[in-house]
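> Predicted model follows, preceded by the sequence.
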Amino acid sequence: MQVVAPGFTADRSKPQMSEGEWATRCDLAAAFRMAHHLGWNDRVTNHITARLPDNPHHFLMNPRGLGWHEVTASSLVKADLDGNILSDLGEYSLGPAGFNFHSAILRENPHLNCSIHVHARAGVVIAATKDGLMIVDQTGCHLHGEVAYHQFEGFAEEKDEAPRIVNDLGKKMTMIMWNHGLLSVGRTIGEAVLYMRRLVDACELQVQLMSTGAEIRRIPEDVLDFTRSQINKKRQSPAYSTEEWKMYLRVVESLDPSYRT
C-alpha cells in the first residue's frame with residue numbers, strides 16, 4: 001500500500017509532469033528523508049530546494065507543515081523564480097524566509113541546482129561562536145575555502161536581505177549564518193547534501209573538541225591549501241558526489257520507499 005503525505009495525491013497524471021521533473025521530485029524527497037535520518041531537522045521548518053532540469057526557471061521546495069520524514073515526491077511544491085507558486089498548496093503554505101532566499105540563490109546562480117538550509121544543533125552552536133568554523137581534520141579540508149558567513153538580521157524573510165545572502169555566499173558552497181544556522185548549495189542535489197554533511201560533521205567535531213577544554217591542534221595554512229588542491233582534483237570527477245549520493249539513496253530506500261510516492 002502506498003503511503004502518501006496528507007492532502008496530496010500520488011497520481012502522477014494529476015498534474016502531468018515530465019520524467020525529468022518526477023526524477024527530481026524523487027531525489028529531492030530522498031534528500032529530505034536522509035536529512036531527517038541524519039538528525040539535521042525534526043520540525044516542519046527549514047527547506048531544501050531543487051531546480052527543475054527541463055525548466056530552469058522553476059524549482060521545487062517543501063510545503064510548511066510536513067515533517068521532513070513525511071515529504072514525498074508528490075507533496076513538493078513547484079514555484080518559479082519570480083515568486084509565483086505553481087502548485088495547489090491545499091492546507092499548507094510556503095515558509096516566507098526559505099522561499100525568499102532560496103529562490104534568490106537559484107535565480108542568481110544558474111550553475112547551482114540545489115540549496116539546503118538547516119538548524120542542526122551543532123551548526124547553530126558554531127554559528128553563535130565569535131570565530132566560526134575551524135578546519136581541524138582531513139574530512140573538514142573539503143570545506144577549506146568553501147565557507148561563507150552572513151550576519152544575523154532577524155528572520156530572513158525580508159526581500160532586501162536576499163541579495164545580501166547571495167552576495168555573502170559568492171562562489172562558495174557552504175555558509176554559516178551567524179546566530180542562525182547552516183546553508184549548502186550544489187550543482188546537484190547529491191553535491192548539496194555532501195557539502196551539508198561535511199559542514200554539519202565539522203561543526204559537531206568542533207563542538208566535541210571545545211567541550212574537552214584541550215588546546216586544539218590547528219592544521220597549518222599551507223597544508224590546508226595543499227589538501228584543498230588534492231580535493232579540487234577529485235571534484236572534477238563525476239564520482240565526487242554521485243557515489244555518496246547513491247549510497248544515501250540506498251539508505252532511504254531501505255528505511256521507507258514511500259518517499260517515491
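Happy to help now that I have it.

> so how far is residue 181 from residue 45?
10 Å (C-beta to C-beta, to the nearest Å). Just so you know, the C-beta spots here come from the backbone N, C-alpha and C atoms, and that holds for glycine as well.

> tally of neighbours for residue 44?
15 (other C-beta atoms under 10 Å).

> Likewise for residue 167?
The local packing of residue 167 (other C-beta under 10 Å) involves 11 other residues.

> partners of the most centrally placed residue in the chain in the sheet?
Geometric centre of the chain, nearest residue: residue 116, 1.7 Å, by C-alpha atoms, centre = their mean. In this entry, residue 116 is beta-bridged to residue 48, residue 184, by DSSP bridges.

> Residue 184 is in contact with that one, correct?
Yes. Using C-beta atoms under 8 Å, residue 116 is in contact with residue 184, at 4.8 Å.

> Quick check: neighbours shared by these two?
Residues touching both residue 116 and residue 184 (C-beta atoms under 8 Å, 6 or more residues apart in numbering) are 192-193, 196.

> Reformat those into TSV and put secondary structure next to each item.
Formatted as TSV, these follow (DSSP: H, G, I helix; E, B strand; the rest coil):
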residue	secondary structure
192	helix
193	helix
196	helix
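
> Out of these, grab the one that's most surrounded.
residue 196 (29 neighbours).

> Show the model's pLDDT score for that one.
For residue 196, the model assigns a pLDDT of 98.

> again with residue 64
88.

> Show me where the stretch 1-150 of the chain has its helices.
Listed in chain order, the helices of the stretch 1-150 of the chain (DSSP state H, counting those that start in this stretch) span 19-37, 96-108, 121-127.

> who has more neighbours, residue 45 and residue 181?
For residue 45 versus residue 181, neighbours defined as other C-beta under 10 Å are more numerous around residue 181 (21 against 15).

> State the phi and psi torsions of that one.
Dihedral pair for residue 181: phi 180, psi -150, per degrees, to the nearest 10.

> same question, the one 5 residues further on
Main-chain dihedrals, residue 186, degrees, to the nearest 10: phi -160, psi 160.

> That one - how many residues pack around it?
22.

> With residue 252 instead?
Neighbourhood size, residue 252 [other C-beta under 10 Å]: 22.

> Which helix or which strand is home to it?
helix 239-255 (DSSP states H and E).

> quick one: buried residues of that helix?
Using 16 or more other C-beta atoms under 10 Å as the test for burial, helix 239-255 gives 240-241, 245, 248-249, 252.

> With pLDDT as new columns, can the residues you listed be given to me in TSV?
What follows is these, written out as TSV (pLDDT from 0 to 100):
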residue	pLDDT
240	83
241	85
245	96
248	97
249	97
252	98
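
> which parts of the helix or strand of the chain with the lowest mean pLDDT are buried?
For the chain, counting by mean pLDDT, DSSP states H and E, helix 96-108 ranks last in confidence among helices and strands (a mean of 88). Buried residues in helix 96-108, counted by 16+ other C-beta under 10 Å: 97-107.

> How far does it sit from its chain's centre?
12 Å (C-alpha atoms, centre = their mean, to the nearest Å).

> what comes into contact with it?
With contact meaning C-beta under 8 Å, 6+ apart, helix 96-108 is reached by 45-47, 49, 51, 59, 61, 79, 81, 83, 112-113, 115, 117, 155-159, 161-163, 165-166, 169, 185.

> Tell me the pLDDT of residue 151.
The model reports residue 151 with a pLDDT of 97.

> and if you look at residue 80?
In this model, residue 80 carries a pLDDT of 93.

> distance of it from residue 55?
Between residue 80 and residue 55 the distance, using C-beta to C-beta, works out to 8 Å.
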